[in-house]
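J.: heads up, no residue letters with this:
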């Protein structure tokens with residue numbers, strides 16, 4: 001895939017994140033019914049992480065870590081996804097606990113043993 005694809009995906013993700021943060025500022029009366037379906041770890045990764053980390057975790061765009069050689073344990077990854085680190089955004093207000101855990105587990109699959 002070309003860098004153009006990842007840039008467009010990243011821009012789309014940022015727009016989605018911005019829209020989500022604006023939506024969370026609305027009052028409960030504005031949201032008649034909220035339907036929420038939890039995504040799989042790979043779906044979360046593809047939506048929020050692939051633009052910087054790449055499909056195989058090795059892209060390292062804009063200072064992102066190479067996930068294929070990461071030595072972080074599961075709990076540390078969960079904390080880092082929640083709170084962010086360096087240039088990485090915090091996702092605690094974007095993803096629910098289950099999605100954060102699922103993407104943290106999925107990232108283990110990107111490791112090269």
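T.: Sure thing, it's come through. Source: prediction; values computed, not measured. Numbering: from 1, shown residues only.
J.: Please count neighbours and contacts with C-alpha atoms only from this point.
T.: Fine.
J.: Point me to the helix or strand that includes the closest residue in space to residue 62 that isn't next to it in sequence.
T.: Setting aside the residues directly before and after it, residue 62 is nearest to residue 52 in space (C-alpha to C-alpha, 6 or more residues apart in numbering), at 6.7 Å. Following DSSP states H and E, the helix or strand that holds residue 52 is helix 50-53.
J.: Also residue 111?
T.: Using DSSP H and E, no helix or strand contains residue 111.
J.: I'd like to know how many residues surround it.
T.: 16 (other C-alpha atoms under 10 Å).
J.: one step back: toward the C-terminus, what is the element adjacent to the helix holding residue 52?
T.: Helix 50-53 is succeeded, C-terminally, by helix 74-83 (DSSP H and E).
J.: What lies in contact with that following helix?
T.: If you take C-alpha atoms under 8 Å, 6 or more residues apart in numbering as the criterion, helix 74-83 is touched by 89, 90, 91, 92, 100, 101, 104, 105.
J.: Helix 74-83 and the following helix or strand past that helix, what's the angle between them?
T.: Later in the chain than helix 74-83, the nearest helix or strand by DSSP H and E is helix 97-108. Here helix 97-108 runs at an angle of 120 degrees relative to helix 74-83 (axes from the mean of the first three to the mean of the last three C-alpha atoms, to 10 degrees).
J.: So what touches helix 97-108?
T.: Applying C-alpha under 8 Å, 6+ apart, the set of residues contacting helix 97-108 is 38-42, 44-45, 57, 67, 74, 77-78, 81-82, 91-92.
J.: Okay, now the unreliable bits of this protein?
T.: Applying pLDDT under 70 to the chain flags the ranges 1-38, 113.
J.: And stretch 64-83, what's buried?
T.: Neighbour counts over stretch 64-83 (16 or more other C-alpha atoms under 10 Å) mark 64, 65, 66, 67, 68, 77, 78, 79, 80, 81, 82 as buried.
J.: Looking at the residues you listed, spot the one nearest residue 112.
T.: residue 68 (5.3 Å; C-alpha to C-alpha).
J.: Assess the claim that the closest one and residue 58 are in contact.
T.: Yes - counting by C-alpha atoms under 8 Å, residue 68 touches residue 58, with 6.1 Å between them.
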